[in-house]
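**Student:** Quick one: sequence and predicted model below, then my questions.
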2 protein chains.
Amino acid sequence: MSKIKLDFEGFLRRTFQKPLDAIAGFLLKLGITANFITLFGLVGDVVAAYLIARGMLLAGGLVAAFMAPLDAVDGALARKTGVVSKFGAFLDSVVDRYDEMILLAGVLFHFQSQPYTLGIMLTYAALCGSVLVSYTRARAEGLGFSGKAGFFSRIERAIVLILGLVFNQLLISVGIIAIMANVTALQRIIFVWKQSKQA
Amino acid sequence: MSKIKLDFEGFLRRTFQKPLDAIAGFLLKLGITANFITLFGLVGDVVAAYLIARGMLLAGGLVAAFMAPLDAVDGALARKTGVVSKFGAFLDSVVDRYDEMILLAGVLFHFQSQPYTLGIMLTYAALCGSVLVSYTRARAEGLGFSGKAGFFSRIERAIVLILGLVFNQLLISVGIIAIMANVTALQRIIFVWKQSKQA
């Protein structure tokens, strides 16, 4: 699976390399740090989650869509300033998890206010799958394995969720994330198992 | 915080060392492996979650209480057989996350069937805190930091949840986990930040 993986994230990074660098250069002149951008994205996602929880899915989706690229901007900014720190990488990863948890909390509140059992349980499953994708990789790397397998990483999850919000098809989006993220987590577990067999 | 941490898990392990070893020795004679015990615990927690989802909290709590010590048995068994593998450690960690997610899915279904907004959102927050405690440590260790800080680890979470199920105080249990697990996750983030300042 990992061999035929379309590197969508890499493709986006290459495509938007120049505008990303331009934005990073502009922020650098303003004296803004990578960690500030990381935390600014978190605050923005709290606003998006609030809008989603109140049923304003389009507005919430648009705010989330504005915040999503910041995840690439902070890295570009860190490289430009030469301050590529291990704590920066740690904070970026952890805040990514908070971003997803907060957005899906908004979705959960929206579904439970109807109330809608399928929406509630799929949102929960989407969160579980999303964090398992990240957890399996982090735990694998901590033990000396590689954990980079599967095709449904954070950027794909963010795009699917934002499309569902903007086009008012939230249940379908959450269902896709619930299935695809959990499949990706299982792919990573099998990927680590295969590595352990070879060793 | 980590200096004055009461090592509750270590205390339990020392106290129950002999019965644990006896059980592990018995299972060894039956030809049962550590990974089998890990996966057996997962199936048991699916049964517990089903009971909880159907509102049978006491029964679900008792099944979960029977499954919880298996998390120590698999490690004891692995040490006894000399098969302490890195994949075993990986599988044990990942299945621990599934165990928690599945039990809390039962709790979520129970609360949404009433429906009960506070219960739903606290269960979601409890899950987020629980996985963040594990994720922050795994990510920290992958980057070369130590992530072992804070006092509310898996065993404390399991005990609080089981007590809430058995004594029919589920909302209080879930509320405690939601607060304490998220505080512990923040403690770990600060712990990693302090290490990065020293380096």
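**Tutor:** That came through fine. Numbers count the residues shown, from 1 in each chain, chains lettered A, B, ... in the order given.
**Student:** contacts and neighbour counts: CA atoms only from here.
**Tutor:** OK.
**Student:** Residue numbers of chain A in contact with chain B?
**Tutor:** For chain A, the residues in contact with chain B (CA under 8 Å from any CA of the partner chain) are A:86-87, A:90-91, A:93-94, A:97, A:101, A:105, A:108-109, A:112-113, A:115, A:117, A:120-121, A:124, A:128, A:131-132, A:134-136, A:138-143, A:189, A:192-193, A:196.
**Student:** are any of those buried, and which?
**Tutor:** Buried subset of those (neighbour count, 16 or more other CA atoms under 10 Å in any protein chain shown): A:86-87, A:90-91, A:93-94, A:97, A:101, A:105, A:108-109, A:112, A:115, A:120-121, A:124, A:128, A:131-132, A:134-136, A:138-143, A:189, A:192-193.
**Student:** Return the subset of the residues you listed lying in strands.
**Tutor:** Per DSSP state E, strands hold no members of these.
**Student:** Tell me which of these fall in helices.
**Tutor:** Among these, the ones falling in helices (DSSP state H) are A:86-87, A:90-91, A:93-94, A:97, A:101, A:105, A:108-109, A:112, A:120-121, A:124, A:128, A:131-132, A:134-136, A:138-142, A:189, A:192-193.
**Student:** give me the low-pLDDT residue ranges for chain A?
**Tutor:** Along chain A, the parts satisfying pLDDT under 70 run over A:1-6.
**Student:** Distance of the residue minimising distance to the centre of it relative to A:V160?
**Tutor:** Compute the mean C-alpha point of chain A, and by CA atoms, centre = their mean the closest residue is A:R154, 3.4 Å away. Distance of A:R154 to A:V160, computed by CA to CA, to the nearest Å: 10 Å.
**Student:** Ends of stretch A:48-68, what's the gap?
**Tutor:** 11 Å.
**Student:** closest point of chain A to chain B, which residue?
**Tutor:** Chain B sits closest to A:G142 of chain A, with a gap of 3.9 Å, by CA to the nearest CA.
**Student:** residues in contact with that residue?
**Tutor:** Neighbouring residues of A:G142 by CA atoms under 8 Å, 6 or more residues apart in numbering or on different chains: B:A138, B:R139, B:E141, B:G142, B:L143.
**Student:** which residues does the closest residue in space to A:G60 that isn't next to it in sequence contact?
**Tutor:** For A:G60, ignoring the flanking residues on the chain, the nearest one in space by CA to CA, 6 or more residues apart in numbering or on different chains is A:A48 at 4.3 Å. A:A48 makes contacts with A:A59, A:G60, A:G61, A:V63, A:A64, A:L103, A:G106, as judged by CA under 8 Å, 6+ apart.
**Student:** in which helix or strand would I find A:A48?
**Tutor:** helix A:34-53 (DSSP states H and E).
**Student:** Hmm, A:Y50 is touching A:G106, no?
**Tutor:** Yes: here A:Y50 reaches A:G106: they are 6.1 Å apart, a contact under CA atoms under 8 Å.
**Student:** Which of the two has more residues huddled nearby?
**Tutor:** Neighbour comparison, A:Y50 and A:G106: the larger count goes to A:G106, with 25 against 21 (by other CA atoms under 10 Å in any protein chain shown).
**Student:** mind listing what the more buried one touches?
**Tutor:** Under the criterion of CA under 8 Å, 6+ apart, the contact list for A:G106 reads A:A48, A:A49, A:Y50, A:L51, A:I52, A:A53.
**Student:** The third one and B:A158: what is the separation?
**Tutor:** Plainly put, A:Y50 is 31 Å away from B:A158 if you go by CA to CA.
**Student:** May I see the buried residues of the host helix or strand of A:A72?
**Tutor:** Secondary structure from DSSP H and E places A:A72 in helix A:70-81. Of all the residues in helix A:70-81, those buried under the rule 16+ other CA under 10 Å are A:L70, A:D71, A:A72, A:V73, A:D74, A:G75, A:A76, A:L77, A:A78.
**Student:** buried ones in the helix holding A:A48?
**Tutor:** Across helix A:34-53, burial judged by 16+ other CA under 10 Å covers A:34-35, A:37-39, A:41-42, A:44-53.
**Student:** what angle separates that helix from helix A:70-81?
**Tutor:** 170 degrees (axes from the mean of the first three to the mean of the last three CA atoms, to 10 degrees).
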